[in-house]
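[1] okay, structure incoming, though there's no sequence with it:
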């Protein structure tokens with residue numbers, strides 16, 4: 001079994017780790033676009049062109065499925081990716097976990113990049129899946145870049161700023177960018193409140209990994225031998241996992 005994942009940068013590590021938990025024996029292909037970072041400020045057309053190039057580099061390694069482990073690419077490029085690659089390679093997008101977050105009925109906050117917050121795509125997800133829950137969109141400019149650079153000081157500063165913009169009565173926070181799942185503990189700490197339980201965090205990595213297995217008829221087997229191979233593509237060329245990614249991958253992926 002071989003699963004490919006694509007993203008502009010290291011945000012795909014969260015979904016890759018989730019695949020590893022379900023199938024330690026799966027071979028992984030991680031395809032990134034370091035020269036194109038960040039995708040968020042780019043036009044939808046530009047994101048689509050770059051996403052197709054990253055996807056095609058991954059597909060050259062003949063995976064059984066491709067995970068688009070990037071919310072921005074899912075928003076702007078998923079139809080083009082599916083048109084180009086399916087049915088030969090199933091393409092699984094990353095959708096913010098609004099439905100499970102809203103299931104409790106309490107107020108929900110969605111943390112996402114400025115490219116995702118306010119987008120018709122996100123508004124449609126809220127309309128379709130939030131039910132009667134109140135949803136607040138919280139843009140987090142620069143946070144994914146700080147995670148990408150492993151800049152702990154900037155991460156802390158930007159997480160704190162987003163926490164201040166999050167309504168105090170929110171019972172759930174959706175992590176609407178794959179990079180944010182890599183610093184979930186920082187976010188959880190920033191959202192702690194006196195006398196009330198902190199909001200529950202909802203990411204997409206586990207659901208996306210499970211959906212990828214379903215699409216190829218695979219089953220979770222956490223007890224399988226942990227012998228899956230790892231291939232990293234940076235701009236289409238094989239390379240070592242970037243050093244800044246090691247802190248996030250340690251104990252999760254490698």
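    Yep, it's here. Every value quoted in this text rests on a predicted model; they were computed, and no experiment measured them. Numbers count the residues shown, from 1 in each chain.
[2] all strands of the stretch 51-200 of the chain, in order?
    65-68, 91-92, 108-112, 135-139, 172-175, 200-202 (DSSP state E, counting those that start in this stretch).
[3] what pairs with the second one, parallel or antiparallel?
    Looking back up the chat, that one is strand 91-92. Applying DSSP bridges, strand 91-92 is found paired with strand 65-68 (parallel).
[4] kindly report the same for the last one.
    In the sheet containing strand 200-202, the strands it pairs with under DSSP bridges are strand 172-175 (parallel).
[5] the strand it pairs with: how far from the chain's middle?
    Offset of strand 172-175 from its chain centre (Cα atoms, centre = their mean, to the nearest Å): 13 Å.
[6] and the residue nearest the centre of the chain, how far from residue 219?
    Residue closest to the average C-alpha location in the chain (Cα atoms, centre = their mean): residue 178, at 2.4 Å. Here residue 178 is placed at a distance of 24 Å from residue 219 (Cβ to Cβ, to the nearest Å). The way it works is simple: take the backbone N, C-alpha and C, and place the C-beta from them, glycine included.
[7] could you do residue 58 as well?
    From residue 58 to residue 219 the distance is 23 Å (Cβ to Cβ).
[8] quick one: which of the two has more around it?
    It is residue 58, of residue 58 and residue 219, that has more neighbours when counted by other Cβ atoms under 10 Å, with 24 against 8.
[9] the more buried one against residue 4, yeah?
    Yes: Residue 58 lies in contact with residue 4 (Cβ atoms under 8 Å); the separation is 3.9 Å.
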